[in-house]
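Chemist: can you look at this prediction? I've put the sequence above it.
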Amino acid sequence: MSYLVLARKWRPQQFDDLVGQEHVSQTLKNAITADRVHHAFLFTGARGVGKTSAARIFAKALNCQQGPTTEPCGVCPSCVDITGSQGIDVLEIDGASNTGVDDIRDLRENIRYLPSQSRYKIFIIDEVHMLSINAFNALLKTLEEPPEHAKFIFATTEPHKIPITILSRCQRFDFKKIAMEPLVERLRFIVTEEGLEVSDAGLAIIARNGGGSMRDALSTLDQVIAFCGDKVEDDELQGLLGLVSRRLLLAAVEAIFDRDPRQALALIQKIDEHGHSFRQFNQQLVELVRTLVIIKVVPAPEDLVDYSASELQELRSLVADIGLEDLQRILAILIRAEADLATSNYPRLTMEMVLVRLATLPAGIDVATLIGRLESLEKRLAHESGGARAASPPQRPAPPEPDTPPPQESAGKKPEALPAEETGHEKSWAGLVEFVKQQRRPRISALLEQSSVLNLAVPHLKIGMPERFYVLADSEMRQQLDKMASEYFGAAVTVDVEKVANGEKAPLSLHQERARQESDRQKKLRENAVEHPLIKAALDIFEGQIETVKPIDKGYV
């Protein structure tokens with residue numbers, strides 16, 4: 001005898017066998033009991049959750065020789081034929097293969113005839129959303145005024161593709177994905193009946209891999225039995241399904257919580273040695289951290305996560321001392337890592353850097369704690385100032401006034417003073433540079449700003465130019481400089497340009513002087529900020545440090 005797969009062998013035969021769909025079963029049984037059975041039903045839901053099985057059970061309940069009944073006998077000719085998909089009065093039609101209007105016309109022609117053996121002629125159309133628009137239109141009149149002996153049961157995974165005119169003529173039943181606990185219980189019943197040995201953890205893995213689908217879970221169980229035999233070991237099960245062991249996942253999360261990047265990297269080594277996909281590992285980490293977030297915010301998370309009661313208890317202990325803010329940050333980083341791993345040429349390196357970052361994240365501070373610290377700061381400042389400043393906003397530390405530029409000097413030569421009787425008090429080296437700028441000579445003015453004044457006695461000016469700029473001081477530039485200097489000082493002036501070698505001591509250039517003043521000003525700004533009582537208190541409360549200080553008189557906010 002050929003092997004019958006578990007999904008077919010253990011297909012539900014009674015309403016009570018429909019796992020996780022009690023709301024559908026009870027409504028259909030009530031309709032049969034009250035003799036208020038509609039002529040058209042629409043069963044919607046994900047794959048493998050019992051839509052077609054429920055349609056067959058409902059058909060047996062209506063056509064059973066003991067009925068209509070909520071508990072079909074399963075042994076009468078009608079029940080046996082429907083169970084074996086051989087009933088001549090119960091037609092199962094594949095909507096994906098019979099999409100045309102001609103197929104629906106044949107169906108309408110068939111409806112006219114009375115059932116040959118049963119009470120009703122029942123039409124079960126699976127994947128009904130695959131019918132064409134013309135086929136749906138051909139079905140409309142029949143659904144609106146069907147013969148008394150005809151019943152329709154439509155099943156689909158995509159109800160949004162069905163025209164509203166069809167939906168309005170059907171009673172709709174939405175099948176839910178099967179929760180973890182009932183799915184594991186059903187699997188435990190089946191493996192016991194089959195004489196198999198599978199641990200509770202192994203059944204949880206199979207159920208989770210089914211994704212809420214009984215058929216997918218039973219198909220996975222079939223695959224596992226073929227590989228492992230009658231005794232299924234957890235390690236073999238995880239290796240077959242390509243899953244990272246739960247032990248490694250928990251160890252990775254513990255390494256993150258313990259701020260232990262070394263342990264995290266050791267786990268990546270194990271993941272690589274076992275040949276697991278780093279992307280799969282990251283996806284499983286995302287699912288695990290999501291579960292931890294739900295555990296923190298929901299007192300009874302059983303309906304929101306696919307974990308057994310014992311697993312949830314272990315996770316509660318793991319996350320007891322971890323803040324919700326930290327979990328959300330970890331989850332956000334792992335989700336972003338999914339996109340990186342999908343395109344990375346170095347998946348191991350990418351995963352290593354993600355775990356190292358997670359294991360070195362500073363602990364977050366929740367908003368309530370920050371507000372409490374701010375309130376404490378306000379009270380302390382109000383107490384220290386005697387309440388005088390409590391009503392006014394805290395003042396920012398004022399920037400220091402710019403220093404008056406000191407006279408240019410160096411450890412070496414000093415420039416000779418410019419005679420007042422020749423040049424006037426307002427004439428200076430800085431004035432000459434500014435005058436050159438006004439003459440729209442940016443190249444010459446830039447060179448002068450980088451140069452040092454060696455002798456400032458008219459009619460002979462001597463300047464020292466750094467070696468890297470000296471090569472730019474050609475004869476044409478010097479002629480133009482002589483001309484503009486003469487014009488500025490009101491007398492014939494000759495400017496001599498000397499090369500200042502690297503490391504040679506010379507007075508500071510205008511550029512160097514401005515840089516020194518700005519450095520001194522920035523230093524004073526930082527000193528004032530560090531010593532300000534409000535900033536001191538903020539650093540103490542938030543456990544922070546000053547990175548940069550920006551003067552507010554320069555357009556910063």
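Modeler: Happy to help now that I have it. Numbering: from 1, shown residues only.
Chemist: pLDDT value on the nearest residue to Leu167 once chain neighbours are set aside, please?
Modeler: When the adjacent residues along the chain are set aside, Leu167 lies closest to Leu42, with 6.9 Å between them (CB to CB, 6 or more residues apart in numbering). Yep, even glycine has a C-beta here, placed from its N, CA and C like the rest. The score at Leu42 is 94. That number is its pLDDT.
Chemist: regarding Leu42, what is its secondary structure?
Modeler: strand (DSSP: H, G, I helix; E, B strand; the rest coil).
Chemist: so what's it up against?
Modeler: Val128, Phe154, Ala155, Thr156, Pro159, Ile162, Leu167, Cys170, Gln171, Arg172, Phe173 (CB atoms under 8 Å, 6 or more residues apart in numbering).
Chemist: just the ones of the residues you listed in helices?
Modeler: Leu167 (DSSP state H).
Chemist: what's the ChimeraX line that selects buried ones from the contacts of Leu42?
Modeler: Per 16 or more other CB atoms under 10 Å, the buried members of those correspond to this ChimeraX selection:
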select :128,154,155,156,159,162,170,173
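Chemist: which of the contacts of Leu42 lies closest to Gly202?
Modeler: Ala155 (31.4 Å; CB to CB).
Chemist: so what sits opposite that closest one in the bridge?
Modeler: In this structure, Ala155 bridges to Phe43, Asp126 when assessed by DSSP bridges.
Chemist: list the contacts for it?
Modeler: Neighbours of Ala155 in contact, by CB under 8 Å, 6+ apart: Leu42, Phe43, Thr44, Lys51, Thr52, Ala55, Ile124, Ile125, Asp126, Glu127, Val128.
Chemist: and the residue nearest to Asp103 when sequence neighbours are not counted, what pLDDT?
Modeler: The shortest distance from Asp103 to any non-neighbouring residue, by CB to CB, 6+ apart, is to Ala135 (6.7 Å). Ala135 is assigned a pLDDT of 85 by the prediction.
Chemist: and Ala135, what does it touch?
Modeler: Thr99, Gly100, Val101, Asp103, Ile104.
Chemist: now the two most distant members of the contacts of Ala155.
Modeler: Top of the distance list for these (CB to CB): Thr44 and Ile124, 14.2 Å.
Chemist: more neighbours: these two, which one.
Modeler: Ile124 (25 against 21; other CB atoms under 10 Å).
Chemist: the more buried one in helix, strand or coil?
Modeler: Looking at Ile124 with three-state DSSP, the answer is strand.
Chemist: touching, it and Ile93? I think so.
Modeler: Yes: using CB atoms under 8 Å, Ile124 makes contact with Ile93 at a distance of 6.9 Å.
Chemist: nearest residue to the spatially most central residue of the chain in space, please, no chain neighbours.
Modeler: Relative to the mean C-alpha position of the chain, the nearest C-alpha, by CA atoms, centre = their mean, is the one of Ile335, at 3.6 Å. Leaving aside its sequence neighbours, Ile335 sits nearest to Val286 (CB to CB, 6+ apart; 6.2 Å).
Chemist: how many neighbours does the one you found have?
Modeler: Val286: 16 neighbours (other CB under 10 Å).
Chemist: any idea which helix or strand carries the residue nearest to Asp103?
Modeler: Under the criterion of DSSP states H and E, Ala135 resides in helix 133-144.
Chemist: in CSV, list the C-alpha atoms belonging to that helix.
Modeler: Written as CSV, here are the backbone C-alpha positions of helix 133-144 (Å, rounded to 0.1, in the frame of the first residue of the first chain):
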residue,chain,number,x,y,z
ILE,A,133,-14.3,38.6,-14.2
ASN,A,134,-16.6,37.0,-16.9
ALA,A,135,-16.8,33.8,-14.8
PHE,A,136,-17.7,35.8,-11.7
ASN,A,137,-20.4,37.6,-13.7
ALA,A,138,-21.8,34.3,-14.9
LEU,A,139,-22.0,33.1,-11.3
LEU,A,140,-23.9,36.2,-10.0
LYS,A,141,-27.4,35.2,-11.0
THR,A,142,-27.0,31.7,-9.7
LEU,A,143,-25.8,33.0,-6.3
GLU,A,144,-28.6,35.5,-6.1
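Chemist: buried set for it?
Modeler: Quick answer for helix 133-144 (16+ other CB under 10 Å): Ala135, Phe136, Ala138, Leu139, Thr142, Leu143.
Chemist: helix or strand right after the helix or strand encompassing the residue nearest to Ile335?
Modeler: Assessed by DSSP H and E, Val286 sits inside helix 278-297. Using DSSP H and E, the helix or strand that follows helix 278-297 towards the C-terminus is helix 309-318.
Chemist: for that next one, what is the distance to the chain centroid?
Modeler: Centroid separation between helix 309-318 and its chain, computed with CA atoms, centre = their mean, to the nearest Å, is 24 Å.
Chemist: same deal with stretch 118-132?
Modeler: 42 Å.
Chemist: now stretch 136-150
Modeler: The answer for stretch 136-150 is 48 Å, by CA atoms, centre = their mean.
Chemist: can you list contacts of it?
Modeler: 39-40, 101, 104-105, 107-108, 111-112, 114-115, 119-123, 131, 152, 162-163, 165-166, 169-170.
Chemist: kindly recompute the last result at 6 Å.
Modeler: With CB atoms under 6 Å, 6 or more residues apart in numbering as the test, stretch 136-150 has contacts from 39-40, 101, 104, 108, 111, 114-115, 120-121, 163, 165-166, 169.
Chemist: and it, end to end?
Modeler: 17 Å (CA to CA, to the nearest Å).
Chemist: what do you get for stretch 238-248?
Modeler: So stretch 238-248: terminal residues 12 Å apart, CA to CA.
Chemist: what does that stretch contact?
Modeler: Against stretch 238-248 from outside (CB under 6 Å, 6+ apart): Asn209, Phe227, His276, Phe281, Gln284.
Chemist: looking at the buried residues of helix 133-144, spot the one nearest Ala251.
Modeler: Using CB to CB, the buried residues of helix 133-144 come closest to Ala251 at Phe136, 54.6 Å.
Chemist: before we move on, the earlier item: just the buried members of the contacts of stretch 238-248?
Modeler: Asn209, His276, Phe281, Gln284.
Chemist: okay, the residues you listed in TSV with pLDDT and distance to Val433 next?
Modeler: What follows is those, written out as TSV (pLDDT from 0 to 100; distance: CB to CB, whole Å):
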residue	pLDDT	distance to Val433
Asn209	84	78
His276	81	68
Phe281	89	64
Gln284	88	68
